[in-house]
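Peer 1: structure, please.
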Amino acid sequence: MDVQKARDALTSSGTVGSFNYDWRSGEPVTSHSTEETGHDGSDSPDEDESSYGGTSANSTSDEDVSDSNESGNNERRNNQNGKGSDQTDSPWDTESRDDVDFGNTVGVDIDDEVEETVSTQGTSTQAGVSRRTALITLGVGGGGLLAAREIGLFGGGNNDGTTQGEERVVFEPSGSLQEAADRVSPGGVLEIPSGAHSHNFTINKDMSVVAPEGATLVGREEDYSGIMVSDANVKIEGLTIVDFGGKGIHGGGTDQEITLRDVTIEDTGDVGIELTGSRIDLENVNVNGSSETGIELTSNVNGTVTITGLEVTNIQDSNFGNKTELRGLVVDSGSDVVLNNIEIIGTKGENIHIAGPASPDAQSIELQDVFVADSSDGGIHIPGGRGEDSVVFQNIEVRDNEYEGVVIGDENAVNEVRIEDAVIADNNDSGIDAAVSQTGMFRLVGAELNRNEDDGVGIATDGNGIRVQGGEDVLIQDVTITESGRDNVHILGEYVEGQTVTLRSVVSLNSVSGDGVGVENSRGGSEVTIEDSRSDDNGDYGFNIGGETIRITGTNASGNSDGALNLRDIDREDADIQNSF
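Peer 2: Numbers count the residues shown, from 1 in each chain. Below is the predicted model of the structure:
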């Protein structure tokens, strides 16, 4: 029996109805009559349409099947069940009998309440063919049941009309990668063998895509993307995706979990990786040469973004030339963002941009072992959300960017900034520019900031080494700052009342046109403590300090254009100065 022909015969009509079914010389022969609806679309059958087993006046059949044979077949069916052809309560009358005993169809669940669709291999066809109708059509004998089972009515489909998949599918290079993905059951695995494959595909169910020996998807210049993820929890591992005119990998969903591991994206005509999810994990990911932003990740207010091992390079070419379209890494929202072992070089926009939630929910941002450089914009930009955000950097290096090295809180002041073990150098604006809330805290411990100035030629009107705006508690310790365009250290209390500023073991040298250390403009009650520090050869004062309580010990300043020390708010005799200058 040709099962495909049987499937075609069953699914050829778009209306729910009854089928007379027979085989002639290996060909399916069918006639069809509408069970419920008249030809005029009314709820009652046409006057000339008989009950199931007869032939509708408008139905057609193969020319090899005569009316007499068809009638004889129907009469034999009725006689086998003890009824004459003129009796209307035939067991084949599906409208009048719900308690039909189908004899040897043991274990087959037939229910008129559930209309199951015929599923062809790889696709689902809405033909309105129920199990009951199919058995009636194909017959209840072994051959009919076998045909129904082969078509996919029993054991081959799910109640939602989709084809039951396989737990693990290994892609055959001669086949279609999309069809292979479609065959995977929810939660299953698609394995792609090593080699270069000119395919792209869409994932619309929870699944994993793995290439144990590494595999490459090769694209075309058209605006196709390599992999699209549609509202699914997905893990992708071991793939290289190159030369797609669209995006490398994109999609996801607000509540989805997505993991990329050992993935490389090269030379895409759009964003390299663009994902949305409640939990996004990237591990050992490389993006090179995308024509828009390298990576864009969007989470929800309670979501998490974790990246461990990332390289992004050469994000330069854009159809529009807009710097915001050409960042290295963008993270939008998420309650927890953790970046570890990151290298981003050569972007036209900012190397890293992390935006907070639009809601008042707090965001925690941690960056560790990060190197960013050679941006035509800024290095790291965290504009700040509306909650009590915290930012922690450890072991970061930011250099050779056209604008600021690090900017934090320029849109919304953050609650806490902690930076430890940092090198920030040769940026054409401020090295660190941070805005902290009035009750917030700023900590910079163990850092070098060198040559952060406006234009890189020594004639600068902008660019501080460190600029901190706000913050109830400010600590700068074990830090060297040299050759900034303006102040090497500039702390602006603004509206903070009772601000505490501590500088310990700070070396400030050779600012171009500003102070070595400047502290100013709190609302009163501020305390400034300077210990074991040095400020030499700066364009203005060595120390230009405001505050009502000032303590200076073990500190020296020399060679500054305007002098060693200037106290903005009190007389020198009112300050506590010991072993200094």
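Peer 1: give me the number of residues near the nearest residue to residue 191 once chain neighbours are set aside?
Peer 2: Spatial nearest neighbour of residue 191, excluding adjacent residues (C-beta to C-beta, 6 or more residues apart in numbering): residue 170 at 4.7 Å. Quick note: C-beta positions are derived from backbone N, CA and C, even for glycine. When neighbours are counted by other C-beta atoms under 10 Å, residue 170 registers 11.
Peer 1: ok, residue 170 touching residue 193?
Peer 2: Yes - the pair residue 170 / residue 193 is scored as a contact, 7.0 Å apart, by C-beta atoms under 8 Å.
Peer 1: can you pull out the low-pLDDT segments for this structure?
Peer 2: Scanning the chain with the threshold set as pLDDT under 70 gives 1-164, 317-324, 454-461, 522.
Peer 1: elements contacting the top strand by length along it?
Peer 2: Using DSSP state E, we find that the single longest strand of the chain is strand 432-450. Applying 3 or more C-beta pairs under 8 Å, 6 or more residues apart in numbering; DSSP states H and E, one finds that strand 432-450 contacts strand 406-408, strand 414-425, strand 466-470, strand 473-482.
Peer 1: and among those strands, the most buried is which?
Peer 2: Ranked by mean neighbour count, the helices and strands packed on strand 432-450 are led by strand 406-408 with a mean of 27 (mean count of other C-beta atoms under 10 Å).
Peer 1: mind putting the helices and strands packed on strand 432-450 in a markdown table, distance to residue 356 included?
Peer 2: Converted to a markdown table, these look like this (distance: least, C-beta to C-beta, whole Å):
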| stretch | distance to residue 356 |
| --- | --- |
| strand 406-408 | 11 |
| strand 414-425 | 8 |
| strand 466-470 | 17 |
| strand 473-482 | 22 |
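Peer 1: for residue 300, which of those strands is the nearest?
Peer 2: Smallest distance to residue 300 across the helices and strands packed on strand 432-450 (C-beta to C-beta): 20.0 Å, for strand 414-425.
Peer 1: report how many residues lie close to residue 575.
Peer 2: Neighbours of residue 575 under the rule other C-beta under 10 Å: 18.
Peer 1: residue 243 now?
Peer 2: 18.
Peer 1: got it, and the one 4 residues further on?
Peer 2: Taking other C-beta under 10 Å as the criterion, the count of residues near residue 247 is 26.
Peer 1: verify the stated contact: it with residue 267.
Peer 2: No - assessed by C-beta under 8 Å, residue 247 is found out of contact with residue 267, at 12.0 Å.
Peer 1: what residues are shared contacts of these two?
Peer 2: In terms of C-beta atoms under 8 Å, 6 or more residues apart in numbering, residue 247 and residue 267 are not both contacted by any residue.
Peer 1: now the helices for the stretch 101-250 of the chain?
Peer 2: Under the criterion DSSP state H, counting those that start in this stretch, the stretch 101-250 of the chain contains helices at 131-138, 142-151, 177-183.
Peer 1: buried stuff in the last one?
Peer 2: Read it as helix 177-183. Within helix 177-183, the residues that count as buried by 16 or more other C-beta atoms under 10 Å are 177, 180, 181, 182, 183.
Peer 1: quick check, nearest of those to residue 316?
Peer 2: Among these, residue 177 lies closest to residue 316 (C-beta to C-beta), at 30.4 Å.
Peer 1: can you pull the contacts of that closest one?
Peer 2: By C-beta under 8 Å, 6+ apart, the contact set of residue 177 is 171, 192, 197, 199, 200, 201, 217.
Peer 1: give me the neighbour count for the last one.
Peer 2: Neighbours of residue 217 under the rule other C-beta under 10 Å: 24.
Peer 1: is it true that it touches residue 236?
Peer 2: No - in this structure residue 217 lies outside contact range of residue 236 using C-beta under 8 Å: 10.6 Å.
Peer 1: how about the buried residues of helix 177-183 in CSV, adding distance to residue 541?
Peer 2: Converted to CSV, the buried residues of helix 177-183 look like this (distance: C-beta to C-beta, whole Å):
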residue, distance to residue 541
177, 68
180, 71
181, 67
182, 72
183, 74
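Peer 1: out of those residues, which comes closest to residue 551?
Peer 2: residue 181 (68.1 Å).
Peer 1: okay, the residue nearest to that closest one when sequence neighbours are not counted and residue 207: tell me how far apart.
Peer 2: Leaving aside its sequence neighbours, residue 181 sits nearest to residue 201 (C-beta to C-beta, 6+ apart; 4.9 Å). Distance, residue 201 to residue 207, by C-beta to C-beta, to the nearest Å: 11 Å.
Peer 1: for residue 326, what are its contacts?
Peer 2: Shown in contact with residue 326 (C-beta under 8 Å, 6+ apart): 292, 293, 315, 316, 318, 347, 348, 349.
Peer 1: downstream neighbour of whatever helix or strand residue 311 lives in in the secondary structure list?
Peer 2: Element membership for residue 311, per DSSP states H and E: strand 304-315. Going down the chain from strand 304-315, the next helix or strand is strand 329-332, by DSSP H and E.
Peer 1: please save the CA atoms from that following strand in PDB.
Peer 2: C-alpha atoms of strand 329-332 as PDB (Å, rounded to 0.1, in the frame of the first residue of the first chain):
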ATOM      1  CA  LEU A 329      28.500  44.600  23.700                       C
ATOM      2  CA  VAL A 330      25.100  46.000  24.800                       C
ATOM      3  CA  VAL A 331      23.200  44.700  27.800                       C
ATOM      4  CA  ASP A 332      19.700  46.100  28.300                       C
END
